[in-house]
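> Next come a sequence and a model predicted from it.
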Amino acid sequence: MNPTVVLSTAVAVAAAAYAFKPKKKTELEAKSVPIPEPKSYLPLQIDTVVSYIYNLLRGQDELEMLLKDMKVHGNTINFKGFNDDFIVVTDPSSIQHILAKNQPNYEKGPFFKEIFHDFLGSGIFNADGDTWKSQRQIARPHFQTSEFKDAALINKHVDGLLVLIDKHIATKPDTPLEVQSVFCRFTLDEASEFLFGATVDALKNEQTEFSTAFNYAQTMTAWRFRIPFWKYILPRRRMMTEIKKLDDFVYKIIDDARARQAARAQEKKESGKENEEEEDGRRDTLLDHFLSQQDEDGFDSKYLRDMLLNFLLAGRDTTASLLSWTTWKLVQHPKVLEKLYQEIVQVIGPDRVPGYEDIKKLKYQKQVINEVLRLCPPVPINPRESVEEDVLPNGYYIPAGSAVSYCAYATHRLPELWGDDALEFDPDRWGPERVGKIRPFMFVPFHAGPRICLGQNLAYTTAQLALTRLLQRYDIKASPGFEPHQLGDIVMFSRNGVEVLISHKRPASEF
Ligand code: HEM
């Protein structure tokens, strides 16, 4: 007999025997309820895995596929694949359990870390335990200082955004503008200056080497999540070439910051002011902050590289996604857009550049942003890995070593939490009369518990400043026939961007 046939038959029989071998239940498992699983007909759930990948390749949205499955199986599902557990939870008490009450049991874990390792190394986003804790402790004060309350840095990049849009109106007045890519360029410039003090200048140059490499690394990382055995299927050489470009850029910034710091220390020594506080009014970046916190061993450059790229990833696309979906929701809801514009005119005026204190007074704008974060959470689904076996508050059993994700996209749409109008865009649900009904862990766009987003306040400030100035200056309308197609990636973008018609409210000379 053909040896290939013999070998394949043997592998198939062994796989089937493994798949069907009864496993002894643990005591905890015996006492708890198994999580519902979509039915599979082949060993190792091969049919489920193949149909999932097939649907993805046909352009179906994973998040909407999940909502369909939830209608059949309920709000907690175990998508088995090759006998591994891929559990998705959506009820607030399970989310609270995973992110807060029993948080140490739900780590990023080896599965997540291996996927992200090439790109993010051991940075905060990709670390557990002490490695995570020390980075968070060092970074936290930087996000609590007045750094971003000084709106000048953000406003400087909003200026760049307005220049780009003005140019579009001047050169292609009746052509829709694809704003998602423009917002990505804006947030890349802003975040890079905030984090390392050097802007990538993405608003001025559509394709910088850095932004192209960053986009590639991020897209390929997202595919690693989807493709089983990605290590053997997805190309790694190009990935490493692009990552090398990121490294070259970031290592140069680190070297410059070290040199700057050494020069300042020398200057102080020479002037006899070694123990005096900095009084030169310059803005410290996150990188300066890390360099000033180091002990005598110092941080090596790889540690700092990982830290910077992690913060850039955490901050750039999330805020761009929020701004893009906000623009889309506003053009779909002209009455909300008009109400928001009137608030801006009353509180700030038709053309005054707002500061941090001004935008805190824009209550309706905050409601609009929260409603966008509810229906279009930039991080729609977020995976963890269980260390030990566990039982969720609803009685469902979690095996040790399972992938356990909470899905903000689904939780934010549950009618039992948000009412029969859960799918409707209605910023008034955040108004004083109704906001009391929103309970903790029902609204989790920024995560929750010990790993809650460090950049939440920076994100609101950036989005509010940008939105205020955009609406002061431009009329924005839906582009006829355009429909965005959402993409359930690491960050939820629209696969075909967000196109709108945009024109000046008044002649540009009047601004
Ligand atoms: C609308 C904008 C944003 C959203 C929706 C958002 C959402 C999130 C979410 C869901 C997480 C949890 C990720 C995980 O643990 O897997 C997170 C973590 C984090 N975010 Fe944000 N984020 C936003 C903006 C920012 C910005 C602007 C920064 C800073 C530049 C930032 C910095 C971080 C950091 C450092 C973490 C990791 C925290 C930790 O693990 O301890 N985020 N964010």
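Here it is on my side, so go on. Quantities reported herein were computed from a predicted structural model and do not represent experimental measurements.
> what's the burial count for whichever residue of the stretch 51-200 of the chain sits closest to the ligand?
The minimum distance from the stretch 51-200 of the chain to the ligand, using Cβ to the nearest ligand atom, falls at residue 136 (4.6 Å). Yep, even glycine has a C-beta here, placed from its N, CA and C like the rest. Residue 136 sits with 14 neighbouring residues when counted by other Cβ atoms under 10 Å.
> go on, residue 433?
8.
> That one: what secondary structure?
Taking DSSP: H, G, I helix; E, B strand; the rest coil as the rule, one finds residue 433 in the coil state.
> ok, it - contacts?
Contacts for residue 433 (Cβ atoms under 8 Å, 6 or more residues apart in numbering) come out as none.
> Residue 475 too?
502, 503, 504, 505.
> Assign a three-state SS to it, would you?
Using three-state DSSP, the structure places residue 475 in strand.
> Could I get the average pLDDT for the top helix by length along the chain?
Secondary structure assigned by DSSP state H gives helix 237-271 as the longest helix of the chain. Across helix 237-271, pLDDT averages out at 88.
> mind listing what's buried in that helix?
Buried residues in helix 237-271, counted by 16 or more other Cβ atoms under 10 Å: 239, 242, 243, 245, 246, 247, 249, 250, 253, 254, 257, 258.
> what about stretch 322-332 and the ligand, any contact?
Yes. For stretch 322-332, a contact with the ligand is found by Cβ under 6 Å from any ligand atom, at residue 322.
> Quick one: residues contacting the closest residue to residue 369 other than its chain neighbours.
The shortest distance from residue 369 to any non-neighbouring residue, by Cβ to Cβ, 6 or more residues apart in numbering, is to residue 463 (5.8 Å). With contacts defined as Cβ under 8 Å, 6+ apart, the neighbours of residue 463 are 319, 322, 323, 326, 369.
> returning to that earlier point: checking my notes, the residue of the stretch 51-200 of the chain closest to the ligand in a helix, right?
Yes. Checked against three-state DSSP, residue 136 lies within a helix.
> ok, it - contacts?
The contact partners of residue 136, by Cβ under 8 Å, 6+ apart, come to 124, 451, 454.
> one step back: in strands, which of the contacts of residue 475 fall?
Using DSSP state E, 502, 503, 504 are the members of the contacts of residue 475 that sit in strands.
> Give me the pLDDT value at the residue of the chain found nearest the ligand.
Nearest residue of the chain to the ligand, counting by Cβ to the nearest ligand atom: residue 455, 2.0 Å away. We note a pLDDT of 93 for residue 455 in this prediction.
> in terms of contact, does it touch residue 315 like I think?
Yes. Residue 455 lies in contact with residue 315 (Cβ atoms under 8 Å); the separation is 5.1 Å.
> For the two, indicate the residue with more neighbours.
For residue 455 versus residue 315, the count of surrounding residues by other Cβ under 10 Å is larger for residue 315: 23 against 20.
> Identify the residue spatially nearest to that one, adjacent ones excluded.
Counting by Cβ to Cβ, 6+ apart, residue 191 is the residue found nearest to residue 315 once chain neighbours are left out, at 4.4 Å.
> Report the contact partners of the one you found.
Residue 191 is in contact with 311, 312, 315, 316, 319, counting by Cβ under 8 Å, 6+ apart.
> from those, which ones fall inside helices?
When DSSP H is applied, the contacts of residue 191 are split such that 311, 312, 315, 316, 319 fall in helices.
> Any idea which of those the model trusts least?
Looking at the ones in helices among the contacts of residue 191 by pLDDT, the weakest one is residue 315, with 86.
> ok, that residue to residue 356 distance?
Using Cβ to Cβ, to the nearest Å, residue 315 is found at 18 Å from residue 356.
> same check, this time on residue 183
20 Å.
> out of these two, which sits in the busier spot?
Using other Cβ under 10 Å as the criterion, residue 183 and residue 356 rank with residue 183 on top: 25 against 18.
> Please report how far the more buried one lies from residue 172.
To residue 172, residue 183 is 18 Å away according to Cβ to Cβ.
> Dump the strand or helix carrying residue 357 to PDB, restricted to CA.
Assessed by DSSP states H and E, residue 357 sits inside helix 356-359. Taking C-alpha atoms only, helix 356-359 is exported to PDB below (Å, rounded to 0.1, in the frame of the first residue of the first chain):
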ATOM      1  CA  TYR A 356      -8.400  71.600  28.500                       C
ATOM      2  CA  GLU A 357     -10.800  73.400  30.900                       C
ATOM      3  CA  ASP A 358     -13.100  74.400  28.000                       C
ATOM      4  CA  ILE A 359     -13.700  70.900  26.700                       C
END
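> Would you mind listing the residues in contact with the residue of the chain closest to the ligand?
Applying Cβ under 8 Å, 6+ apart, the residues near residue 455 are 143, 311, 314, 315, 318.
> Was I right to think the third one contacts residue 456?
No. In terms of Cβ under 8 Å, residue 314 does not count as a neighbour of residue 456; the distance is 10.8 Å.
> Show me how the chain divides into domains.
For the chain, automatic domain parsing gives the domain ranges 16-120+378-411, 132-377+412-510.
> Residue 36 falls within a helix, correct?
No. Assigned with three-state DSSP, residue 36 falls outside any helix and is coil.
> Could you check how many residues crowd around the closest residue to it other than its chain neighbours?
Leaving aside its sequence neighbours, residue 36 sits nearest to residue 73 (Cβ to Cβ, 6+ apart; 4.1 Å). Using other Cβ under 10 Å, residue 73 has 17 neighbouring residues.
> Can you tell me how far residue 73 is from residue 142?
Taking Cβ to Cβ, one finds residue 73 at 43 Å from residue 142.
> ok, now residue 266?
Distance of residue 266 to residue 142, computed by Cβ to Cβ: 24 Å.
> again with residue 31
Separation of residue 31 from residue 142 (Cβ to Cβ) stands at 46 Å.
> Looking at the two, which one has more neighbours?
Between residue 31 and residue 142, counted using other Cβ under 10 Å, residue 142 has the larger neighbour count: 21 against 11.
> Which pLDDT value belongs to that one?
Reported pLDDT at residue 142 in the predicted model: 85.
> mind checking the SS state of it?
The assignment at residue 142 comes out as helix when based on three-state DSSP.
> Excluding covalently adjacent residues, which one is nearest to it?
That would be residue 289: by Cβ to Cβ, 6+ apart, it lies 4.5 Å from residue 142.
> The one you found contacts residue 144, correct?
No. Using Cβ under 8 Å as the test, residue 289 is too far from residue 144 to be in contact (11.3 Å).
> More neighbours: which of those two?
residue 289 (17 against 10).
> tilt between the helix or strand harbouring that one and helix 237-271?
Assigned by DSSP H and E, residue 289 falls within helix 286-293. Between the axes of helix 286-293 and helix 237-271, defined by axes from the mean of the first three to the mean of the last three Cα atoms, to 10 degrees, the angle is 60 degrees.
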